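1. predicted model, plus sequence, below.
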Amino acid sequence: METATATEGGTTIAEEGLRARKKRQTRAVIAAAAMDLFQSRGFDAVTIADIAVAADVSRKTVFNYFPAKEDLVFNEGQARRDALVHAIRTRPAGTSLVEPFRRQTLELIDRVERGADPRIVAVPRLVAGSAVLRERLFLGWEREAAVLTPVIADETGSGPDDLVPGVVARSLAWTNRLVFRAAFNRLIAGEDERALAADLREQAHRAYDQLERGLRDYGVR
């Protein structure tokens, strides 16, 4: 007895799943090869051609997945922003706008405690050594604010000329950013991951509690 396979637009769902998996794998291979080269040579000294050779793909394939070389360093930014926006929009009733940001920060601290994320140290080191990456990082921060501000405005019923959603978006995003910076600097200094995580967790809660008190009912569903 044959098992039927669902189709959509002439392509089986199974085939689409395989294609998506292969794309994810190719993207991961390219990103890993690039990071290895960046860490050994420095970001500015590595070319797209170097990355293509290391990943065993063509230059065109690299550009198909990463339109700019900087995207290879900041390749997780879009997914992180999308996840935060989703968390803001789907938070339970009675939950303030502060909580999705607090949760994102605590997830970062959990990664510090586990010692399972070498990017916490690797990416800031690369950025510190490249003016191009620093400029892209600053642009990324503004892009994040540009994404979060209308979401917060929508959640609070604010008008298009209201500056408060932008202020709130930047205040909350920078809280997470400052915790990340502290984690990076203190890991570089050789602090124990578990002790560092415990301290950062306490400080993060104090920071977000202060923001919670200041914002009070702002944006609570």
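-> Alright, I've got the coordinates.
2. ok, residues contacting stretch 157-177?
-> 97-98, 101, 104-105, 108, 141, 144-145, 148-153, 156, 204, 207-208, 211, 215, 218-219 (Cβ atoms under 8 Å, 6 or more residues apart in numbering). C-beta coordinates here come from the backbone N, C-alpha and C atoms, glycine included.
3. in helices, which of those appear?
-> Mapping the contacts of stretch 157-177 onto helices (DSSP state H) picks out 98, 101, 104-105, 108, 141, 144-145, 148-153, 156, 204, 207-208, 211, 215.
4. report the buried members of those.
-> When the ones in helices among the contacts of stretch 157-177 are checked for burial by 16 or more other Cβ atoms under 10 Å, the buried set is 98, 101, 104-105, 108, 144-145, 148-149, 151-153, 156, 204, 207-208, 211, 215.
5. where are the low-confidence patches of the chain?
-> Residues of the chain meeting the criterion pLDDT under 70: 1-16, 116.
6. okay, domains of it per the record?
-> Following automatic domain parsing, one gets these domains for the chain: 10-69, 77-215.
7. need phi/psi at the residue nearest to residue 219 when sequence neighbours are not counted.
-> Leaving aside its sequence neighbours, residue 219 sits nearest to residue 97 (Cβ to Cβ, 6 or more residues apart in numbering; 3.7 Å). The phi and psi values for residue 97, taken as degrees, to the nearest 10, are phi -70, psi -20.
8. could you check how far residue 97 is from residue 88?
-> From residue 97 across to residue 88, the span is 7 Å (Cβ to Cβ, to the nearest Å).
9. identify the contacts common to the two.
-> What both residue 97 and residue 88 touch, as defined by Cβ under 8 Å, 6+ apart, is the set 152, 155.
10. what about the two, which has more around it?
-> residue 97 (24 against 21; other Cβ atoms under 10 Å).
11. spit out the contact partners of the more buried one.
-> Contacts of residue 97 by Cβ under 8 Å, 6+ apart are 88, 152, 155-156, 168, 172, 215, 218-220.
12. hmm, 10 Å instead?
-> 88, 91, 148, 151-152, 155-156, 165, 168-169, 172, 211-212, 215, 218-221 (Cβ atoms under 10 Å, 6 or more residues apart in numbering).
13. would you list every one of the strands in the chain?
-> Counting by DSSP state E, the chain has strands at residues 7-8, 11-12.
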